[in-house]
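# 3D, please:
(2 chains)
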Amino acid sequence: MSARVHLDHDHVRHLLRQMIRIRHFESKCVELYQAQKILGFLHLYDGEEAVSVGVMEALRPEDAIVATYREHGQAIARGIAMDVLMAEMLGKQEGCCRGRGGSMHIFDRKTRFYGGNAIVGGGLPLSVGVALGDKMQGRPAVTACFFGDGAVDEGEFHESMNLAAVWRLPVLFVCENNLYAMGMALERAEAQTDIVSKAAGYRMPGVAVDGMDVVAVEGAARNAVEQIRAGGGPQFLECRTYRFRAHSMFDAQQYRSKEEIETWRKKGPIVRFQGWLVTNGLIREDEVHRIEAEAEAEIKEAVAFAEAGTLEPVEELERFVTMDAVPA
Amino acid sequence: MSASVNPTPGPITYREACRQGLRDALLNDPKTFLMGEDIGRYGGCYAVTKGLLDEFGEERVRDTPLSESAYVGAGIGAALTGMRPIVEIMTVNFSLLALDQIVNNAATIPHMSGGQFAVPLVIRIATGGGRRVAAQHSHSLEGWYAHIPGLRILAPAVLEDARFMLAAALADPNPVLIFEHVMLYNVEGELDPAVIGVDIDRAKVRREGSDVSVIAYGNGLFKALAAAETLAADEISSEVVDLRVLRPLDTATILASVAKTRRCVIVDEGWKSGSLAAEIGMRIVEQAFFDLDAPLRRVCGREVPMPYAAHLEDAALPQAADIVAAARGLVHPA
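Residues are numbered from 1 along each chain as shown, chains lettered A, B, ... in the order given. Now for the predicted structure:
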């Protein structure tokens, strides 16, 4: 555990609460998917919560996020309200993207959340540009770009890492290495499976961290972001994690064993952090139950908000295909 | 807007007109910057950006690595933060390496985000054949881009459009792709001093006529105008419409011309199957079928990868003689 993270009661409670909120939100999403209220693809973050929660702790409101299609956790950890998220999942116009984006395309202007990118690797060039634009306008912002181990296979990874490094842009590249690109195992896809070592090819400082340990992630992210803010150029953070559930809702998981999943589950970010906190007297069991109850209440309200939401009139189908003005 | 007139009266090239447009943009708005391969020290592969690095510096005239996807994507990202990037892609064939960013990001983000974000990005792309550089530098793929909702597609042919379309494109809050035909960069002429801007919603009738409409854009415009001269000697009066806006199509100007001439030839350097010419033809059929006195005719690129050998490349491209033959066939059917 990093010495840089102050593990006072409020902070550890906050970290645990954020992970529980994400986990419970997604459990509800599964129910709503099975009830056919959420349609299309639904990619769950179950098992990876420590990554988003840890990284977001290092960021400020003026910073920017570029996320993946498995981004419910990133969105919630960033502070996007559950009600507009859930409304988006249900395709309602009260959703953060009026129901146009859905699960894979969460955008939020207020929190500088630039998607929800469902082309693997496609968000990396975007993050380079967001960082470039901020830098050229003298904004002291960092762009955190989340992507998976599958994105490392894409050409955009190389192009974007290189361009960000050549121009010394304030990007934190966060690789959520969950060992599988959909069903493609890392060792079958990459000649060099030690992903963090690739950063050296761009002369970019990089660190690999236990992505199941929220405090370790937060500590590593804080270190990296501090160096970026000091003008050191981009940084690379590999978070070694695991996806407990299927890739999406259409996945028989023939590419990995039940034993493997069970082994990882025991190392889960919530069970492990919660257990450690309770054992060490940093939080009490009843407090955990209260956090869970609060999360459930928040989700219930979000679902009610989403269910009560309205459908965008079909007459507005073509609205925003082109914009009349750049939003202020 | 400042300095928006040609500082040195007299003939200028299309290349210089483009360059002056870029220089204006950099002078007028500190949020604009240029980004692309060899646009700085090298001066641009077609020398359009020559001298701009010295005048504006490396921060605003950015040489990029050979990473079309990354720097086009970076243009999109920078546009999302409020910058006004002008990205250059050496040739339309290379733009395919950035197709994901253009189609999946630039064109979708405004709609997909529910209108939270605009992408005010300009991408300049050299296009077209005729320079004997064969099948990986010579195609006309602008028609593909014209298929994509969310993009505006421009094709300046005349000097005034080369000079002033960029300013109009930068005023558009949406991604705009400007296709500059490689055979036009050396074309020289006088800028019309009366023109200080371009309406990028409208096509433009470049020659009035009464017997047949010839719809063309880019380098095809000049072939159409040459054909019109030949046809005039045969007492066939051609109306030449410079499409210049490939998306959204100015259907009204096309239909007005066809209603007048009742015959139409569409010129398109792109391959005929699934072409922009097909779209224009279909709009005429849908909306002006009963105005027509003759079938539609298309003069398009031959359906081959562009060959290197000069005689083969010439045969693969639409030529003025092909346009003359098509128009004659409509006015005086055999």
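
# enumerate every residue touching residue 149.
In the absence of a named chain, this looks at chain A. By CB atoms under 8 Å, 6 or more residues apart in numbering or on different chains, the contact list for A:Asp149 reads A:175-181, A:186, A:189-190, A:195. Using the backbone N, CA and C atoms, a C-beta is placed for each residue, glycine as well.

# wrong chain, I was asking about chain B
Here B:Pro149 is in contact with A:321, B:107, B:111 (criterion: CB under 8 Å, 6+ apart).

# where along the stretch 201-328 of chain A do the strands fall?
In the stretch 201-328 of chain A, the segments counted as strands under DSSP state E, counting those that start in this stretch are A:206-210, A:235-240.

# ok, back up a step: let's see which of the contacts of B:Pro149 end up in helices.
Residues of these located in helices (DSSP state H): B:His111.

# return the closest of the contacts of B:Pro149 with respect to A:Gly275.
B:His111 (45.4 Å; CB to CB).

# pretty sure that closest one sits against A:Leu317.
No - B:His111 is not in contact with A:Leu317 according to CB atoms under 8 Å; the separation is 9.5 Å.

# these two - which one has more neighbours?
Taking other CB atoms under 10 Å in any protein chain shown, B:His111 and A:Leu317 do not tie; B:His111 has more neighbours (22 against 11).

# could you check how far the more buried one is from A:His43?
21 Å (CB to CB, to the nearest Å).

# and if you look at B:Ala17?
49 Å.

# more neighbours: which of those two?
Neighbours per residue (other CB under 10 Å) separate B:Ala17 from A:His43, with B:Ala17 holding more: 27 against 22.

# how about the one helix or strand the more buried one maps to, which residues are buried there?
Assigned by DSSP states H and E, B:Ala17 falls within helix B:14-28. Residues of helix B:14-28 classed as buried: B:14-26 (neighbour count, 16 or more other CB atoms under 10 Å in any protein chain shown).

# in a markdown table, list those along with pLDDT and distance to chain A.
Formatted as a markdown table, the buried residues of helix B:14-28 follow (pLDDT from 0 to 100; distance: CB to the nearest CB, whole Å):
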| residue | pLDDT | distance to chain A |
| --- | --- | --- |
| B:Tyr14 | 98 | 28 |
| B:Arg15 | 98 | 27 |
| B:Glu16 | 98 | 28 |
| B:Ala17 | 98 | 27 |
| B:Cys18 | 98 | 23 |
| B:Arg19 | 98 | 22 |
| B:Gln20 | 97 | 24 |
| B:Gly21 | 98 | 21 |
| B:Leu22 | 98 | 17 |
| B:Arg23 | 98 | 19 |
| B:Asp24 | 98 | 19 |
| B:Ala25 | 98 | 15 |
| B:Leu26 | 98 | 13 |
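
# show me the two of those residues that sit farthest apart.
Applying CB to CB across the buried residues of helix B:14-28, the maximum distance is between B:Tyr14 and B:Leu26, 19.2 Å.

# tell me how far A:Val152 lies from A:Lys198.
From A:Val152 to A:Lys198 the distance is 7 Å (CB to CB).

# swap that for A:Ser127, sorry
For A:Ser127, the distance to A:Lys198 - CB to CB - is 17 Å.

# related to what we said a few turns ago, which one's more surrounded, A:Val152 and A:Lys198?
Using other CB under 10 Å as the criterion, A:Val152 and A:Lys198 rank with A:Val152 on top: 25 against 19.

# what comes up buried for stretch A:319-328?
A:319-320, A:322-323, A:326.

# chain B next: which of those are close?
A:319-320, A:322-323, A:326 (CB under 8 Å from any CB of the partner chain).

# in JSON lines: the contacts of B:Pro149, plus distance to B:Val304.
Shown next, in JSON lines, are the contacts of B:Pro149 (distance: CB to CB, whole Å):
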{"residue": "A:Val321", "distance to B:Val304": "35"}
{"residue": "B:Ala107", "distance to B:Val304": "29"}
{"residue": "B:His111", "distance to B:Val304": "36"}
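
# for the stretch 101-250 of chain B, what spans make up the helices?
Using DSSP state H, counting those that start in this stretch, the helices of the stretch 101-250 of chain B run over B:109-112, B:142-145, B:159-171, B:219-233.

# which elements pack onto the longest one?
Contact here means 3 or more CB pairs under 8 Å, 6 or more residues apart in numbering or on different chains; DSSP states H and E; on that basis helix B:219-233 packs against strand B:204-207, strand B:212-216, strand B:238-242, strand B:264-271, helix B:320-331.

# could you dump the ones you listed to a markdown table with mean neighbour count, distance to chain A and mean pLDDT?
Shown next, in a markdown table, are the helices and strands packed on helix B:219-233 (neighbours: other CB atoms under 10 Å in any protein chain shown; distance: least, CB to the nearest CB, whole Å; pLDDT from 0 to 100):
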| stretch | mean neighbour count | distance to chain A | mean pLDDT |
| --- | --- | --- | --- |
| strand B:204-207 | 18 | 21 | 98 |
| strand B:212-216 | 30 | 24 | 98 |
| strand B:238-242 | 27 | 23 | 98 |
| strand B:264-271 | 27 | 23 | 98 |
| helix B:320-331 | 20 | 33 | 98 |
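
# need those in a markdown table (columns: distance to A:Trp167).
Output for the helices and strands packed on helix B:219-233, formatted as a markdown table (distance: least, CB to CB, whole Å):
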| stretch | distance to A:Trp167 |
| --- | --- |
| strand B:204-207 | 40 |
| strand B:212-216 | 41 |
| strand B:238-242 | 39 |
| strand B:264-271 | 36 |
| helix B:320-331 | 47 |
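
# out of the ones you listed, nearest to A:Leu163?
strand B:264-271 (31.4 Å).

# relative orientation of the closest one and helix B:320-331 in degrees?
Counting by axes from the mean of the first three to the mean of the last three CA atoms, to 10 degrees, strand B:264-271 lies at 150 degrees to helix B:320-331.

# could I get strand B:264-271 in CSV with only the CA atoms?
This file holds the C-alpha atoms of strand B:264-271, laid out as CSV (Å, rounded to 0.1, in the frame of the first residue of the first chain):
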residue,chain,number,x,y,z
CYS,B,264,-28.2,16.2,-67.6
VAL,B,265,-24.7,14.8,-67.7
ILE,B,266,-23.0,14.1,-64.4
VAL,B,267,-19.2,14.1,-64.2
ASP,B,268,-17.5,12.3,-61.4
GLU,B,269,-13.9,11.1,-61.2
GLY,B,270,-14.9,8.5,-58.6
TRP,B,271,-15.8,5.0,-59.7
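
# what is the burial count for residue 314?
In the absence of a named chain, this looks at chain A. 7.

# other chain: chain B
Neighbours of B:Asp314 (other CB under 10 Å): 13.

# which residues in the stretch 1-150 of chain A form helices?
Going by DSSP H, counting those that start in this stretch, the stretch 1-150 of chain A shows helices at A:9-34, A:49-56, A:72-78, A:82-89, A:123-136.

# ok, B:Ile284 touching B:Val258?
Yes - B:Ile284 lies in contact with B:Val258 (CB under 8 Å); the separation is 5.6 Å.

# residue in the stretch 151-300 of chain A nearest to chain B?
Nearest residue of the stretch 151-300 of chain A to chain B (CB to the nearest CB) works out as A:Glu159 at 3.5 Å.

# how about that residue, secondary structure?
Following DSSP: H, G, I helix; E, B strand; the rest coil, we place A:Glu159 in the helix state.

# list the contacts of it.
A:124-125, B:65, B:67, B:69-70.

# can I have the buried ones of those as a ChimeraX selection?
A single ChimeraX command selects the buried members of the contacts of A:Glu159 (16+ other CB under 10 Å):
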select /A:124,125 /B:67,69,70
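
# in stretch B:139-158, which residues are buried?
Within stretch B:139-158, the residues scored as buried using 16+ other CB under 10 Å are B:139-146, B:148, B:150-158.

# what subset of those is also close to chain A?
B:150, B:152.

# in terms of pLDDT, where does the spatially closest residue to A:Leu277 that is not a sequence neighbour sit?
Excluding the flanking residues, the one nearest A:Leu277 by CB to CB, 6 or more residues apart in numbering or on different chains is A:Ile283, at 4.2 Å. Confidence at A:Ile283, expressed as pLDDT, is 96.
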